[in-house]
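[1] Generate a structure from the sequence data that follows.
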Amino acid sequence: MDPQNLHNPVIRYVLIAIGWLAVVLGVIGIFLPLIPTTPFLLLAASCFAKSSTRFHDWLLNQPHLGPYIQMYLNGKGIPTRAKISILVVMWLSMTVSALLFGKYLAVRIIMFIIACGVTIYIVRLPTLTLVEKTD
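    Presented below is the predicted three-dimensional model:
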C-alpha cells in the first residue's frame, strides 16, 4: 500500500501525528527507565509506513536508531554490545530511580517486575553477529 495513496487524508494525518508522538516518547525512553524505547520506535515505523514514505525513510535512516529498527524489523536481532548496553543502563537507572523515588515498597516491586520483563525480552531477542570487514 502506497502511503501517499491513503484514501482518507484525516487517517493519514492521524497516523503521522501518532508516529511523531511515538518518536518523541521513544527518544524520551532512552533516558527514562519506565518508558520503553523500542516499542515506541516500532510503532512510529509502522505508522509512518502507512502514512508517509518520507518520514518512514527518515526514521529508518537515522544514524543511531535506524540500523537497530531495520535489524529488528528484518528479524536479524540486535548486536550483543547493544543488548549489554541496554541492560546495564536500564538496571542502573531502575536502581537509582527505586532508591531515590521508590518511597513505597509497591513502587519498587513494580519497577523490579518491569526491569525483569524487559530483561527477559531483550535476552530472548535474536543476537546479531556483526561481520568485521577486512581490507
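[2] Centre of the chain to the helix or strand harbouring residue 27, how far?
    In this assignment (DSSP states H and E), residue 27 forms part of helix 9-31. With Cα atoms, centre = their mean, to the nearest Å as the basis, helix 9-31 stands 12 Å off its chain's centre.
[3] For it, could you pull out the residues that count as buried?
    12, 15, 16, 18, 19, 22, 23, 25, 26, 29 (16 or more other Cβ atoms under 10 Å). Where you see a C-beta, it was placed from the backbone N, CA and C, and this is true even at glycine.
[4] Show me the chain divided up by domain.
    Domain assignment for the chain by automatic domain parsing gives 1-76, 78-135.
[5] can you give me the strands for this structure?
    78-79, 127-128 (DSSP state E).
[6] Just give the nearest non-adjacent residue to residue 119, would you?
    residue 87 (6.0 Å; Cβ to Cβ, 6 or more residues apart in numbering).
[7] picking that back up, could you export the domains of the chain to JSON lines, including columns for mean pLDDT?
    Below are the domains of the chain laid out as JSON lines (pLDDT from 0 to 100):
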{"stretch": "domain 1-76", "mean pLDDT": "85"}
{"stretch": "domain 78-135", "mean pLDDT": "82"}
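[8] Out of those domains, which one sits most buried?
    domain 1-76 (a mean of 16; mean count of other Cβ atoms under 10 Å).
[9] Centre-most residue in the chain?
    residue 38 (1.4 Å; Cα atoms, centre = their mean).
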